[in-house]
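[1] Here is the input, now give the coordinates:
(4 chains)
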Amino acid sequence: MTNRFVVTPNLCIGCRTCELACSFRHSVNGKPGQTRIFAVAGPMKEMWVPVTCLQCEDPACAKSCLVDAISRNEETGAMEIDQEKCVKCMACVAACPFGCSIHDQQHHMIVKCDLCGGEPACAQFCPTKALVYQPVGSAKPKVVA
Amino acid sequence: MNHDMSKLPDIFARYPQKPQSLIAVLQDIQKEFNFLPCEALKETAKHLDVPLSKVFSVSTFYNAFSLNPKGEKVIRICMGTTCHIRGAGLIQDQLESKLGIKAGQTTSDMKFTIEVVNCVGACSMAPVVIVNDKYYADVKVNQTKKILKGG
Amino acid sequence: MVHLTIDGTRVQAKEGEMLLKVIKQLGIDVPSLCDHDAVEPFGACRLCLVEITKQSWDGWKKYVTSCLYPVEDGLIVNTQAEKVVEARKTLIDLQLARCPGSPEIQQLAADYGITQTSYEPKIDSDNCILCGLCTRICEHMGFAAISTVDRGPDRRIASPLDEPPPDCIGCLACAINCPTNVIPYTEKGNKRTIWDKEFELITCSKCGRKTITRDFARALSKMRDIPEAYFEVCDACHRAETATNMGRIAGWSRREEAAS
Amino acid sequence: MAITKVASPKDLDKLQKQCQTEQDKHKRKLMVCCGPGCLANGAAEIVTEFKSQLKKKRIKGFSVEAMKETGCHGFCEQGPLVVVEPQGTFYTRVKKKDVERIVEETLRNNKVVDDLLYTAPDEKTYRDYREIPFYKHQKRIALRNLGHINQCDIRDYIAVGGYQALAKALNKMSPSKVIEEVKTSGLRGRGGGGFPAGRKWESCARLEERPHYVICNGDEGDPGAFMDRAIMEGDPHSVLEGMAICAYAVDSSEGYIYVREEYPLAVQFLQEAIREAEEYGLLGDNILGTDFSFHIKISRGGGAFVCGESSALMKSVAGEVGEPRAKYIRSVQKGLYDRPTVLNNVESYANVPVIIDRGGKWFAKIGTETSAGTKAFSLVGKVVNGGLIEVPMGTTLREIVFDIGGGIRNDRPFKAVQTGGPSGGCLPDDKLDLSVDFDTLTKAGSMMGSGGMIVMDEGTCVVDVAKYFLKFLVDESCGKCTPCREGLYQLYLLAVKISEGMATENDLDKMEQLSGVIIDASLCGLGKSGPNPFLSTIRYFRDEYLTHIRDKRCPAGVCKALITYEVDAQACDGCMACIHACAANAISGKKGEVHTIDQTKCDKCGACFAVCNRHAIKVA
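    Take a look at the predicted model:
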């Protein structure tokens, strides 16, 4: 894993472009998927933070999965859900302390950020650079995920 | 109905405390009680550390097990091929109509149970009916009364 | 890597992989009801039957269920051979006789041109096709709360002793993965009922949304060493918390002070 | 007597001599057959009576120890059997009251009790059983000791050379040499599959993974078969010895015998035999003083025909539900607890000591080219001389049914012989000259199976037989896969429809089509061979099916819905026996007058037919 998300909450304007980009990137059979990233409003209205999976070192999602459907993609470093193996028991949704395993009700799938195979759409489309996906150590991030 | 579960530890002690012993333990329980009481199944599951669902599965899969109490006299009608072609079916009909129950059932007074078994290996003596441990060989249709009386 | 031909297409596959998987990856429509990647292949429904042969077999053909047949080098697979389709049709017809009221099986039958079963339909059918997915998934998850009982045509899926299953934690995996949706459950307020057993659903301490059952959360924290507190908050409130925490690190509190 | 362990082949030789001397002490021996058939007919009572008579009468030169309870002597039809050796004096249908006469006349006065001898249908009486056609045409290898040794005494087995083959294997042969010998013998699995035993052993021996297991299949689920039961009860040590030789060949130290619960005596005798063999150092740790150890445990089956299938059996040994698994994983590689496992049946193992003792070449000369050796059968049904037999492979069905079996009871015409159990088939009279071996039977649409051979006469209805086997298979299907669970069930329902005269010819086509699918699509052997009872009968007896369908008639007079019972006025003497027997009160008439049956009340139970001594009840 050489890249990581760098989040600068102060730059986020809550435009939700990241959500749209994610949703479209993850469309199933032509229908947009559930977004895996959320622009979450802070305690005051003009404050926003893009929240998505941190691809933890010791992820609760994978730990909670009793059928071993969640594993790390060694290339991208993303924790990915094998949809064929998933039995939709909701354990990971309940277990993730960051709320980043999500139930896609429309497609009836459990989903989470998979880093779009190494080029996350959210970061690509973020107009304010509140969210960037960049090589480790290339900038001095204020918040590192 | 309450059953004396104090016999279970003796049975458990005969076999290693491993899941493999499940069938053997159930066989001994069946022998002791003449059927498998629910409480005994639960105790067995706990003792052998086998999920109760598995114990239930095994106890309904094999012919040797019954979850219902059986009558004082268990009438087993051999339905081996030889017995069949020598008329065991007619004998079954007779016994069933005399007792008013079907194979697999027990009379309401708990006196008789009729069972159909798959060949007891005494084919030369067909048709064979076994009441508890007593063999009746070469049974004729008109002998069913005698069999029920235990003669 | 092994090389084989499926319906005329030459493909590569990993050694040990099951034929059905390769067939599905090619987008070929072979029905299967009992197969699920989460559990070992089982081979109960037999619908994924295919015809196989090899150049060296001298015209001899074999019929195998592809979910249970590992790929072999030089295999020539025909998923739509006449005999295979006929057999599939008969199998679906038999399933329809067992489950005359199942919309899923009716649809599958219709796809094969069957509107009514030609066999004796089962009276009082529970419409369960006995694929065993529910019991296998439950066992694989480590609970084995339900199982198949009896055998032959009397075989059925049941909880132990037909009582509320002691080992069930109410995760619904059995019901959700049932290909014919025949395992009933209800949810009312913070109560979920399945297999006649009532479960308490955890209510998010922040927003009141219902998440998983208390029993499931306890089992997970015990089996996988996840703090039970994780389960007290729903995913949306978890995200809100995350946002606040990240904002704090970014200096929100100072800006808030400045604004006031 | 304190038992010292047999610590070398020399010790075994010494022990054998000692045991032989013990035997030779008795000039005459009295053998009471305690096989399943004879026991069912009261053999246990006879043993008790002999004991008390012998105690009371004190015959000079004959002690109670000279009386042996033996395993199945074979001629079950004539049981209970008592044999006086060495003359071979053969008493049949012995009752408790006859015991005193045998003791007095034969044992004391050396005279034969004529009326207890066997009289053949041709009125000829035999004194020595070896002369009786039933025995004369047999060749016994697997059953070699049955009826000749005390089933529960290891010393009897040792006296006749028992465990010498094991000693030979352990001391003079390498494991690979043992396998080579078994391969040379051409021994094929006697459980029905007919897979070459030597090749099975070889592939197990080659696998590096440990441990290896050796399993003996004593489930014998085929209705109408009792060979394995007879061997386990009558000569348990031959099975143990065969297993031990196999274990040595494949480097295993743990074995299981899977015995069905319905055979409590087999379980008891095997347990006893294992205990004895361990005491003598012929099983257990350091067998015969070598570093080879082998322990055998008994696993009681719970009664499920499907457990005859190897993967289901292994699951059952592991205490689970006996559901077969996919065939592509061979049980030799991943058998019990997923370890390499050799599984053979009782009869196969019983052959092994003889093969090692006399050499594979000797064995291979017996039988046919592709099916070496002999095969045990339980010859039963409507045959005159039913019982347990063993013949060289390649013997014709005719020889078995007519020369050994003495033909059909009551001189009725032969109709079919059913071989191979529920998965086998029925062969008609024009197949009687077929040679009995694995390949010929399969080609004719039946199979060898484990060795049940059920003879049918014209009073047997093939539709009924097919229905019977289908019902059996439906009940015994584990229910895992659709074609077997649902397909066989529907096939059975269609057979019922035919037997009730409700079917059309379309139904026959449907049955044939469905059978094909069941064969192709089923998971295990039980399903794949499930339609055989139907297919083999429709192949040879289509006319009889058509008579049921078109004429609504059952020529054999079996299918209830298609028959009526009527009184033959000519023959009826008005004895009222049938009236008393009729539970449905369907028969009326006065004493001495011809009776009549009210067809509307008759439930066709057949009671009247059975009780009428004048054969005045006719089936139409």
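[2] Quick check: B:Ala64 is in a strand.
    No. Counting by DSSP: H, G, I helix; E, B strand; the rest coil, B:Ala64 is not found in a strand; it is coil.
[3] For the residue lying closest to D:Gly527 once chain neighbours are set aside, give me its contacts.
    Counting by CB to CB, 6 or more residues apart in numbering or on different chains, D:Cys484 is the residue found nearest to D:Gly527 once chain neighbours are left out, at 3.2 Å. C-betas here are computed from N, CA, C, even on glycine. By CB atoms under 8 Å, 6 or more residues apart in numbering or on different chains, the residues touching D:Cys484 are D:Ser477, D:Cys478, D:Ile518, D:Ser522, D:Leu523, D:Cys524, D:Leu526, D:Gly527, D:Gly530.
[4] so what's the fifth one up against?
    Taking CB under 8 Å, 6+ apart as the contact definition, D:Leu523 lies against C:Gly43, C:Ala44, C:Arg46, C:Thr65, D:Pro324, D:Ala326, D:Lys327, D:Lys480, D:Cys481, D:Cys484.
[5] which ones among the residues you listed are found in strands?
    Those of the contacts of D:Leu523 mapping onto strands are C:Thr65, per DSSP state E.
[6] now, among the contacts of D:Leu523, which is nearest to chain B?
    Ranked by distance to chain B (CB to the nearest CB), the contacts of D:Leu523 are led by D:Lys480 at 11.0 Å.
[7] Now do the contacts for the residue nearest to that closest one when sequence neighbours are not counted.
    Computed as CB to CB, 6+ apart, the closest residue to D:Lys480 that is not its neighbour in sequence is D:Glu323, at 5.0 Å. Shown in contact with D:Glu323 (CB under 8 Å, 6+ apart): D:Val306, D:Ala312, D:Lys315, D:Cys478, D:Lys480.
[8] Which parts of the stretch 401-550 of chain D are strands?
    Taking DSSP state E, counting those that start in this stretch to define them, one finds strands in the stretch 401-550 of chain D at D:414-419, D:425-428, D:452-457.
[9] How about residues contacting the shortest one?
    Outside of strand D:425-428, the residues that reach it under the criterion CB under 8 Å, 6+ apart are D:397, D:415-419, D:434, D:441, D:444-447, D:456, D:462, D:465, D:532-533, D:535-537, D:539-541.
[10] if you set the cut-off to 10 Å instead, what comes out?
    D:397, D:414-420, D:434, D:441-442, D:444-447, D:449, D:454, D:456, D:460, D:462, D:465-466, D:469, D:529, D:532-537, D:539-541 (CB atoms under 10 Å, 6 or more residues apart in numbering or on different chains).
[11] Which single residue of chain A ends up nearest chain B?
    Relative to chain B, the nearest point of chain A is A:Leu66 (14.8 Å; CB to the nearest CB).
[12] the strands in the chain, which residues?
    Since you didn't name a chain, this refers to chain A. Along chain A, counting by DSSP E, strands occupy A:3-7, A:38-41, A:48-51, A:70-72, A:79-81, A:101-104, A:109-112, A:131-135, A:143-144.
[13] switch to chain C, that's the one I care about
    According to DSSP E, the strands that chain C contains are C:2-6, C:9-13, C:49-54, C:62-65, C:75-78, C:147-149, C:156-158, C:185-188, C:191-194, C:197-203, C:210-213.
[14] close to chain A, is the second one?
    No. Between strand C:9-13 and chain A, judged by CB under 10 Å from any CB of the partner chain, nothing touches; the nearest distance is 15.9 Å.
[15] okay if I get the contacts of D:Cys484 as CSV plus distance to B:Gly100?
    Shown next, in CSV, are these (distance: CB to CB, whole Å):
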residue, distance to B:Gly100
D:Ser477, 30
D:Cys478, 32
D:Ile518, 37
D:Ser522, 39
D:Leu523, 40
D:Cys524, 39
D:Leu526, 35
D:Gly527, 36
D:Gly530, 34
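[16] wait, which of these is closest to C:Ile28?
    Closest approach between these and C:Ile28, by CB to CB: D:Leu523, at 22.7 Å.
[17] Now do the same contact list for A:Glu84.
    A:Glu84 touches A:Ala69, C:Lys21, C:Lys24, C:Asp35, C:His36, C:Asp37, C:Ala38, counting by CB under 10 Å, 6+ apart.
[18] Top of the residues you listed by number of neighbours, please.
    Using other CB atoms under 10 Å in any protein chain shown as the neighbour test, these are led by C:Asp35, with 27 neighbours.
[19] Let me see the ranges of the helices in the stretch 51-200 of chain C.
    C:82-98, C:103-111, C:133-140, C:173-176 (DSSP state H, counting those that start in this stretch).
[20] re earlier: most packed of the strands of chain C?
    Of all those, strand C:147-149 carries the top mean neighbour count, a mean of 26, counting by mean count of other CB atoms under 10 Å in any protein chain shown.
[21] which residues in chain B form strands?
    Remark: strands assigned in chain B by DSSP E are B:73-78, B:112-117, B:129-131, B:134-136.
[22] Looking at those strands, which is nearest to chain C?
    strand B:112-117 (14.2 Å).
[23] what about that closest one, near chain D?
    Yes. Strand B:112-117 lies within reach of chain D by CB under 10 Å from any CB, at B:Val116, B:Val117.
[24] in the chain, which segments are predicted with low confidence?
    No chain in the question, so chain A it is. Where chain A drops to pLDDT under 70, the residues are A:1, A:43-45, A:138-145.
[25] The intended chain is chain D.
    D:1-2, D:327-328.
[26] Which residue ranges make up each domain of it?
    Listed by automatic domain parsing, the domain ranges of chain D are D:10-132, D:154-365, D:374-457, D:462-550, D:564-619.
[27] Distance from the last one to the middle of the chain?
    Relative to the mean C-alpha coordinate of its chain, domain D:564-619 is positioned 38 Å out (CA atoms, centre = their mean, to the nearest Å).
[28] ok, and the most crowded of the contacts of D:Leu523?
    Result: C:Arg46 is most packed of the contacts of D:Leu523 (other CB under 10 Å), 31 neighbours.
[29] Tell me the spatial nearest neighbour of it, not counting adjacent residues.
    Going by CB to CB, 6+ apart, C:Arg46 has D:Ala521 as its nearest residue, at 4.6 Å.
[30] Check the gap between the one you found and D:Gly360 for me.
    40 Å (CB to CB, to the nearest Å).
[31] B:Ile77 too?
    To D:Gly360, B:Ile77 is 45 Å away according to CB to CB.
[32] again, but for A:Cys126
    81 Å.
[33] Please apply the same query to D:Pro555.
    Noted for D:Pro555: a distance of 49 Å to D:Gly360, by CB to CB.
[34] Next: D:Arg155.
    Taking CB to CB, one finds D:Arg155 at 29 Å from D:Gly360.
[35] Which single residue of chain B approaches chain A most closely?
    Nearest residue of chain B to chain A, counting by CB to the nearest CB: B:Pro51, 14.8 Å away.
[36] Turn the contacts of D:Glu323 into JSON lines, columns for distance to D:Gly281.
    Below are these laid out as JSON lines (distance: CB to CB, whole Å):
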{"residue": "D:Val306", "distance to D:Gly281": "38"}
{"residue": "D:Ala312", "distance to D:Gly281": "35"}
{"residue": "D:Lys315", "distance to D:Gly281": "33"}
{"residue": "D:Cys478", "distance to D:Gly281": "41"}
{"residue": "D:Lys480", "distance to D:Gly281": "44"}
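[37] Thanks again, I'm all set now.
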